[in-house]
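Student: Generate a structure from the sequence data that follows.
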Amino acid sequence: MSTNNEISGKRKEKILEAALLCFNEKGYHKTSIDDIALNGKISKGGIYYHFKSKDELFLKLFNFRLNRYTEQLKAYIQEESDPVKRIRILVQKWGLILKENEDFFKFCMEFSSMGAREKEIRKEMTSFYRSSVEIFRQIIEEGVATGEFENVDTERIARLIYFLSQGVFSTFFAVDCDFDLIEQHTFNMETILKSINESTGVQGK
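Tutor: The predicted structure is shown next:
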């Protein structure tokens, strides 16, 4: 039998997923609580029971999906200790991660665009940026320590990966693309890793 906390958690997740669809379709400013209620087949009162405002819902949605994305990323590499193999796994699994989270990355474009004006959103995007860079920095640093990678500036390489990732995502969602998102992102990753150390063996994998 489900507990009250489990039921409440499922309702909140249902609201968040409905909000994600609405924000991706209409954008933040044109989306109303009525739209989210209709999409999620839940009353406005039910939404306001869990979230005080559309602003709070917008922020909570980002945190909820960011945590899911981060856990997926960590789950793929947590059982592998060798840094080269961990990088290979990330490259090989990245397509699946992108496919499973494409709606989140689209939402991130809307979310991040508001960071230039909204202090709370800027704070959350800063956290996202730092946590993403840290994941890559740790792996690259481990590889440098074991001699698998060249003695590179791990912080700058980690930031480079983040910048290229954000660039390909924003371009993919903003223009009529002449490239495949997964293939291009994988190529970007492989090119960076090949430049760190030819022995990684990820090129063409």
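Student: Walk me through the domains of this structure.
Tutor: As assigned by automatic domain parsing, the chain contains the domains 1-51, 62-200.
Student: following the helix or strand of the chain with the lowest mean pLDDT, which helix or strand comes up?
Tutor: When the helices and strands of the chain are scored by mean pLDDT, DSSP states H and E, helix 83-113 comes last with a mean of 80. Where DSSP states H and E defines the elements, the next helix or strand beyond helix 83-113 is helix 119-146.
Student: residues in contact with residue 50?
Tutor: Residue 50 makes contacts with 8, 11-12, 15, as judged by CB atoms under 8 Å, 6 or more residues apart in numbering. Every residue, glycine included, has its C-beta placed from N, CA and C.
Student: What of residue 140?
Tutor: The contact partners of residue 140, by CB under 8 Å, 6+ apart, come to 83, 87, 149, 152, 154, 157-158, 196.
Student: Format these as a markdown table; extra columns: secondary structure and distance to residue 172.
Tutor: Compiled in a markdown table, these are given as follows (DSSP: H, G, I helix; E, B strand; the rest coil; distance: CB to CB, whole Å):
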| residue | secondary structure | distance to residue 172 |
| --- | --- | --- |
| 83 | helix | 29 |
| 87 | helix | 23 |
| 149 | coil | 29 |
| 152 | coil | 28 |
| 154 | helix | 27 |
| 157 | helix | 23 |
| 158 | helix | 22 |
| 196 | helix | 25 |
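Student: Could you rank these by neighbour count and give me the top one?
Tutor: Top of those by neighbour number is residue 87, holding 28 neighbours under the definition other CB atoms under 10 Å.
Student: helices or strands next to the least confident helix or strand of the chain in the packing?
Tutor: Counting contacts by 3 or more CB pairs under 8 Å, 6 or more residues apart in numbering; DSSP states H and E, the secondary-structure elements packed against helix 83-113 are helix 4-26, helix 54-77, helix 119-146, helix 154-174, helix 181-196.
Student: Tell me which residues are up against the first one.
Tutor: Helix 4-26 is contacted from outside by 2, 31, 35-37, 39-40, 42, 46-47, 50-51, 57-58, 60-61, 64-65, 103-104, 106-107, 110, using CB under 8 Å, 6+ apart.
Student: Which helix or strand lies directly C-terminal to it?
Tutor: Next in sequence after helix 4-26, counting helices and strands by DSSP H and E, comes helix 33-40.
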